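# Generate a structure from the sequence data that follows.
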Amino acid sequence: MKNALFLFLILHFIGYSQHSTINKLQQQLNSETNPAKQLEIISNMVDIAFNQDMSKALKFSKLGVQLSDKVENKTWQPKFYEMQGRMHANLLQLDSAIIFFNKALKGYEAINNQRGTATTLFKLSWVDKKHGNLDAALQKDLSALKIMETLDDKQGICSGLTRVSEDLTYQNRLNEALEYAQKAIKIAEDNQLTSEKFYVNFNAGNVAMAKNNYAQSLDYYKKSLTIAQEQNLGLPTESDVTNAIGNAYKRLGKYEEALKSYKMCLALAKKANYPNATSTVIANLGEVNMLLGNYKTALNYQLKTVNLQEKNKDVSNLIENYNHVSTIYNKLGNYKEALNFKQKAYTLRDSIASIESDAKMSELLTQYETKKKEETIVIQQTKISQQRVIQTLSFGMVALLLGVLVFVFISYQNRSKTNKLLAEKNAKIELLLKEVHHRVKNNLEIVSSLLSLQSAQIDDLTTKETMLENQNRVNSIGIVHQKLYQGEKLGAIEMKDYVLNLSENILDSLNAEKKINLILTMNKLDLDIDTAIPLGLIINELLTNTVKYAFPDNKNGTITIKMEKQTNDVLHLEVADDGIGKPNVIQGTGFGSQLISLLTLQLNGSMTEKNKNGTTFIFDFQLKATS
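Just a heads-up that it's a prediction; the model follows:
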């Protein structure tokens, strides 16, 4: 309550202060007769209104465009075109934004204002990302960054590196994204770029979030919010950061804190009349309500978000929101709509994040880095030539030295070309393998969705249980392929994370997540896919049977999973419960037990069963010796 009251007072004070300043500027504008000074006053009014009300900022931008066009002021015309385009973009009027940004580009090029050209390219890239044109966005950001480097504009270079980092994050190329983010932070610190401190820290938070370092991302976002408030960067900026803080809390599982942050963000966005943030935070309110189990409330938020994004052609997060709607419908028992929105997500994903698009972005980034290196070589060669003129060495020595340098340079180029070709081939192979795993995982999800849809239409409980068991088996294999295309290693699975995700999915599908206490005792362990998939199926069968038979009458209980690699290349697995123990009468069809036995033989292992204070299954698998 105190936080809400404090937020209200701050918003009221900021709004009153900025409104008073705009009134004073309006009076100056009315009394000023010099068009150039009038345009400068209007520009200040746009900057102040941007932090208060986006619609007012658009109104003042239009006034600046009208006046600069009327007096044909070539310097101010492209600046106001860029301002108006920016307001249209933030109001999600993306088609209008493109029109004015293109007019700004022509205006800046006409007066050879290279910095204006670069800043406009940055903004056009933002629109491209909203439309899902990721390769076009990267190309514009790299072009703008090149201009800023030519101008030696440290602030522009810092901004460009931050935006390229953001582009790479969209493509899940997180190591490269982190590299560019760290470059931006270093330039900001080395050159004391106060105005860029917020953006580099905020982007570093986004990269940390994408790398699943949620605690680190929360630290970056909180630091960004402090900087935004200290520098009075305005309500839109604060709303963006507050939304990001909510995302970090959500990923950390602190859903109530996330809900508070999202509500605060919504208040800031509405105060600033900032639709871009409003649309985003409504989606997040839907997701966090879904995670809290408030499915009807969540569905209301998510459908609003999907409708807004489809209307504004904003596909930047539409795939994620389609998937959320599908999940909510599934929880509410509307399997037809769940499958419908899942298919929408797959269709949109294939149209945006294709392997060709990823390869195109790699090509653009390589071209930029290569050209930069070539320019560095040219500069070095120029310095060498200047030094040779100064030197008093004989012509013969100079010629000999030049010959040696040429020979070394040609050898270096040949080796570099060979290494580059090998690296490109390896990268393409890795990209293709990731796409294969991605598509296998998607196909398995479709199979799982079809099984779910079919089981919903079956009345016989035995058949329904069999369908659910088959769905869980498919999901256990699908998670392996998901981990492969998301991970750093294509040939290995990190088992701790895999077993945790698999177990939670199984308990959720059996509606047992609240009554079963799952204890996972294992360190991080990488295993090959041929071992990981059978292990996942064994754990799936044991968990399913335990939940069904070890805890009758909906009793609570504990299941413990322990896995470790022993020194003699033996993988040790234990699955234990504190249930009623093995019954005298055999239950079920026995298929699960047969499957466990076959998979144990396949992995060259042994199984032991103990019945004391529940049931414990102990496995020892002889792993293949590593070379």
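# what are the ranges of the helices in the stretch 151-300 of the chain?
Counting by DSSP state H, counting those that start in this stretch, one finds helices in the stretch 151-300 of the chain at the ranges 154-170, 174-190, 194-210, 214-230, 235-251, 255-271, 275-291, 295-312.
# err, the stretch 401-550 of the chain, not the other one
Along the stretch 401-550 of the chain, counting by DSSP H, counting those that start in this stretch, helices occupy 461-486, 495-509, 529-545.
# As TSV, the ones you listed with mean pLDDT would be great.
Converted to TSV, the helices of the stretch 401-550 of the chain look like this (pLDDT from 0 to 100):
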stretch	mean pLDDT
helix 461-486	67
helix 495-509	88
helix 529-545	89
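# re earlier: can I get the helices of the stretch 151-300 of the chain in CSV including mean neighbour count?
Yep, even glycine has a C-beta here, placed from its N, CA and C like the rest. Shown next, in CSV, are those (neighbours: other Cβ atoms under 10 Å):
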stretch, mean neighbour count
helix 154-170, 24
helix 174-190, 18
helix 194-210, 22
helix 214-230, 19
helix 235-251, 24
helix 255-271, 21
helix 275-291, 23
helix 295-312, 18
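# Identify the residue nearest residue 274 in space, chain neighbours excluded?
residue 236 (4.7 Å; Cβ to Cβ, 6 or more residues apart in numbering).
# For the one you found, list the residues it contacts.
When contacts are counted by Cβ atoms under 8 Å, 6 or more residues apart in numbering, residue 236 is found next to 50-51, 54, 90, 268-269, 272, 274, 276-277.
# which one among the residues you listed gets closest to residue 171?
residue 276 (21.4 Å; Cβ to Cβ).
# what sits against that closest one?
So residue 276 contacts 89-92, 236 (Cβ under 8 Å, 6+ apart).
# can you do 6 Å?
Residues near residue 276 by Cβ atoms under 6 Å, 6 or more residues apart in numbering: 90, 92.
# How much space separates it from residue 304?
Per Cβ to Cβ, to the nearest Å, residue 276 is found 15 Å from residue 304.
# Over to residue 118?
As judged by Cβ to Cβ, residue 118 and residue 304 stand 36 Å apart.
# quick one: the residue nearest to residue 274 from residue 54, how far?
Relative to residue 54, and taking Cβ to Cβ, residue 236 is found at 7 Å.
# Common neighbours of those two, please.
residue 274.
# avg pLDDT for stretch 407-425?
The predicted model assigns stretch 407-425 a mean pLDDT of 75.
# which ones are touching the residue lying closest to residue 218 once chain neighbours are set aside?
Nearest residue to residue 218 in three dimensions, chain neighbours excluded: residue 248, at 3.9 Å (Cβ to Cβ, 6+ apart). Neighbour list for residue 248: 214, 217-218, 221 [criterion: Cβ under 6 Å, 6+ apart].
# can I see the domain layout of the chain?
Domains of the chain are assigned by automatic domain parsing as 1-112, 129-213, 234-296, 335-347+355-490, 506-627.
# Okay, now the shortest one: how far is its last residue from its first?
In other words, domain 234-296. End-to-end distance for domain 234-296: 34 Å, by Cα to Cα, to the nearest Å.
# from the middle of its chain, how far away would that domain be?
The chain centre lies 16 Å from the centre of domain 234-296; the measure is Cα atoms, centre = their mean, to the nearest Å.
# what do you get for the second one?
Relative to the mean C-alpha coordinate of its chain, domain 129-213 is positioned 14 Å out (Cα atoms, centre = their mean).
# Kindly report the same for stretch 513-520.
Worked out by Cα atoms, centre = their mean, stretch 513-520 lies 30 Å from the chain centre.
# List the buried residues for it?
Buried residues in stretch 513-520, defined by neighbour count with 16 or more other Cβ atoms under 10 Å: 516, 518.
# now do stretch 616-627
Residues of stretch 616-627 classed as buried by neighbour count (16+ other Cβ under 10 Å): 616-617, 619-621, 623.
# Need the pLDDT of the residue nearest to residue 274.
pLDDT, residue 236: 89.
# Counting by contacts, list what the host helix or strand of residue 41 packs against.
If you go by DSSP states H and E, residue 41 is part of helix 35-50. Other elements packing on helix 35-50 under the criterion 3 or more Cβ pairs under 6 Å, 6 or more residues apart in numbering; DSSP states H and E are helix 2-31, helix 54-71.
# Mean pLDDT lowest where, among these?
Among the helices and strands packed on helix 35-50, helix 2-31 scores lowest, at a mean of 60.
# Please identify which of the contacts of residue 236 is nearest to residue 144.
Using Cβ to Cβ, residue 90 comes nearest to residue 144 of those, at 18.9 Å.
# Quick one: closest of the helices of the stretch 401-550 of the chain to residue 605.
helix 529-545 (9.2 Å).
# Give me the buried stretch members for that closest one, please.
Using 16+ other Cβ under 10 Å as the burial criterion, the residues of helix 529-545 that qualify are 529, 531-545.
# Would you mind writing the CA trace of the helix or strand just after that helix as PDB?
Once the chain leaves helix 529-545, the next helix or strand it forms, by DSSP H and E, is strand 557-565. Output of strand 557-565 as PDB, limited to C-alpha atoms (Å, rounded to 0.1, in the frame of the first residue of the first chain):
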ATOM      1  CA  GLY A 557       4.500 -38.800  -0.300                       C
ATOM      2  CA  THR A 558       8.100 -38.300  -1.300                       C
ATOM      3  CA  ILE A 559      10.000 -39.500  -4.300                       C
ATOM      4  CA  THR A 560      13.800 -39.300  -4.300                       C
ATOM      5  CA  ILE A 561      15.900 -39.600  -7.500                       C
ATOM      6  CA  LYS A 562      19.700 -40.000  -7.100                       C
ATOM      7  CA  MET A 563      22.200 -40.300 -10.000                       C
ATOM      8  CA  GLU A 564      26.000 -40.200 -10.000                       C
ATOM      9  CA  LYS A 565      28.900 -41.300 -12.200                       C
END
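# next SSE after strand 557-565?
Once the chain leaves strand 557-565, the next helix or strand it forms, by DSSP H and E, is strand 570-577.
# Let me know the average pLDDT across that following strand.
Strand 570-577 comes out at a mean pLDDT of 94.
# Grab the nearest non-local neighbour of residue 41.
With sequence-adjacent residues excluded and distances taken as Cβ to Cβ, 6+ apart, residue 41 is closest to residue 29, at 4.8 Å.
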